[in-house]
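Trainee: fold the following, please.
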Amino acid sequence: MKTSLRILSVAIVSLIVGFAPFAATASHYEAPSRSLEIITTTDYDTYEEGEDIEIKVTTKNLSSRSVTLRFNSGCQASYYILDDWNRIAYDSADDRMCTQALTSVTIPGKSSKSWTFTHRDLDEELDNGWYRIVGNVIGYGSDGTDIEIEEGENEDNGITVTSPNGGESWKQNAKKTIEWEFEDGDELGLEVDVRLYPTSAYQHQQPYSIVRNYEGDSYRWKVGKVRDYGRNVPKGTYKIEVCFAGTNDCGVSDSNFRIM
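Mentor: As a prediction, the model looks like this:
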């Protein structure tokens, strides 16, 4: 459940970076003056799995003079997410999420410039746990803030996964039944895609396809076998997604199950 009190999450320690008004480029890292402060914030400090995360990266000009930041490309700012193993769980730079097309920005004295991002946790699902959101003003520095992802419940989206729904241990190559329910109770004519979603930090982080365009409310599965991998998937923790065919409208296991 969501926490009843949500507080704007602000990093306590901000990285102070230098600025040279006559030679500031994305490849310039010397700091002859301490005139810029970078702060990363999120809209909340606690989220449910799959919930959007609003991220703001702000650069404050602490001096009384205007400063101009120059960039080697139109990418001015980005963000990445570290898991509790300090591994990168997501990097917006991989998706080429350039915030603006300008190669420079001027910040007046005693003023600030902010870049905002929305992390939509669809294909890059963050499992429950602690994460660090790091905002980066490219070439000028970065700052991070911590958030917690709480385990969510199946949303009322038309499909509820009932097995495996968390805590099970299934052996490779065993025959097991994946089961789900439709909201209206009538599965006649409804087709679904069944997917296997890795949740271990070290694993491939895109869902595997178990079966597509399947009609019914259960599927007999040879554990570990998927359509888009040349052999059985690695041992580890997973969730099952059952989606209306060709969509991202899915029911998902409440918690992880394990393939042994």
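Trainee: list the contacts of the helix or strand hosting residue 130.
Mentor: Taking DSSP states H and E as the criterion, residue 130 maps to strand 129-137. Residues from elsewhere that reach strand 129-137, judged by Cβ atoms under 8 Å, 6 or more residues apart in numbering: 38, 40, 42, 53, 55-57, 59, 69, 76-84, 89, 115, 119, 142-149. All C-beta spots, glycine's among them, are computed from the backbone N, C-alpha and C.
Trainee: now intersect those residues with the strands, please.
Mentor: Among the contacts of strand 129-137, the members falling in strands (DSSP state E) are 38, 40, 42, 53, 55-57, 59, 69, 77-82, 89, 115, 119, 142-149.
Trainee: where does the prediction get shaky in this protein?
Mentor: Low-confidence segments of the chain (pLDDT under 70): 1-33, 95-101, 122-125, 152-157, 185-188, 200-205.
Trainee: what residues go with each domain of it?
Mentor: With domains defined by automatic domain parsing, the chain comprises 9-150, 159-259.
Trainee: circling back to that earlier point, which among the ones in strands among the contacts of strand 129-137 end up buried?
Mentor: Buried members of those, scored by 16 or more other Cβ atoms under 10 Å, are 38, 40, 42, 53, 55-57, 59, 69, 77-82, 89, 115, 119, 142-145, 147, 149.
Trainee: any idea which element the closest residue in space to residue 253 that isn't next to it in sequence lies in?
Mentor: What sits nearest to residue 253 in space, not counting adjacent residues and going by Cβ to Cβ, 6 or more residues apart in numbering, is residue 239, at 4.1 Å. Assigned by DSSP H and E, residue 239 falls within strand 236-244.
Trainee: helix or strand right after that strand?
Mentor: Later in the chain than strand 236-244, the nearest helix or strand by DSSP H and E is strand 250-252.
Trainee: specify the next element, helix or strand, located C-terminal of that next one.
Mentor: Using DSSP H and E, the helix or strand that directly follows strand 250-252 along the chain is strand 257-259.
Trainee: helices and strands around that following strand, which ones?
Mentor: Contact here means 3 or more Cβ pairs under 8 Å, 6 or more residues apart in numbering; DSSP states H and E; on that basis strand 257-259 packs against strand 169-170, strand 236-244.
Trainee: now do the contacts for the residue nearest to residue 253.
Mentor: Applying Cβ under 8 Å, 6+ apart to residue 239 gives the contacts 196, 197, 199, 252, 253, 255, 256, 257.
Trainee: related to what we said a few turns ago, deepest-packed of the helices and strands packed on strand 257-259, please.
Mentor: A comparison of the helices and strands packed on strand 257-259 by mean neighbour count, using mean count of other Cβ atoms under 10 Å, puts strand 236-244 on top with a mean of 22.
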